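1. Pasting the sequence and the predicted coordinates here, then a few questions.
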Amino acid sequence: QVQLVESGGGLVQAGASLRLSCAASGRAFSSYGMGWFRQAPGKEREFVAATSWRGITDYADSVKGRFTISRNNAENTMYLQMNSLKPEDTAIYYCAADRGTSIIPAREGSRYDYWGQGTQVSVSS
């Protein structure tokens, strides 16, 4: 069983930056694909970014060029650096872990086996 704990959310103005962290328990973190998803009020959960166990990354078009996903396997932690935040980035952000072996990061939430509890990001205009 893997436990994921997100942190780093908050309320910021448009144009500001935030860095989200996802701390994972267990010894197999380096072998997991990891992803960030978000869910805004009244909307479905959507893919934000992901990194495979090989370090290959993928981003949603809406965040490409503004967000950067990274991981530190020695610290069992994944990050999401969010720059140039927009009001439409407001959502609860979730991290997730994929036990699969693909070197291609997954965009589908159904591919992920473990989820964190989420952290709120609010961006005011």
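-> Structure received. Residues are numbered from 1 along each chain as shown.
2. residues in contact with the residue positioned nearest the centre of the chain?
-> By CA atoms, centre = their mean, the chain has its centre lying nearest to W36, at 2.2 Å. Taking CB atoms under 8 Å, 6 or more residues apart in numbering as the criterion, W36 is in contact with L20, C22, V48, A49, A50, I69, M78, L80, Y93, Y94, C95, A96. Where C-beta positions appear, they are placed from N, C-alpha and C, glycine not excepted.
3. And the helix or strand hosting the fifth one, what's buried?
-> In this assignment (DSSP states H and E), A50 forms part of strand 46-51. Neighbour-count burial for strand 46-51, counted by 16 or more other CB atoms under 10 Å, picks out F47, V48, A49, A50, T51.
4. from the residues you listed, which is closest to T119?
-> For the buried residues of strand 46-51, the residue nearest T119 by CB to CB is V48; the value is 12.4 Å.
5. circling back: could you list everything the residue nearest to the centre of the chain pairs with in the sheet?
-> Counting by DSSP bridges, W36 forms beta bridges with A49, C95.
6. Can you tell me how far it is from K43?
-> For W36, the distance to K43 equals 16 Å [CB to CB, to the nearest Å].
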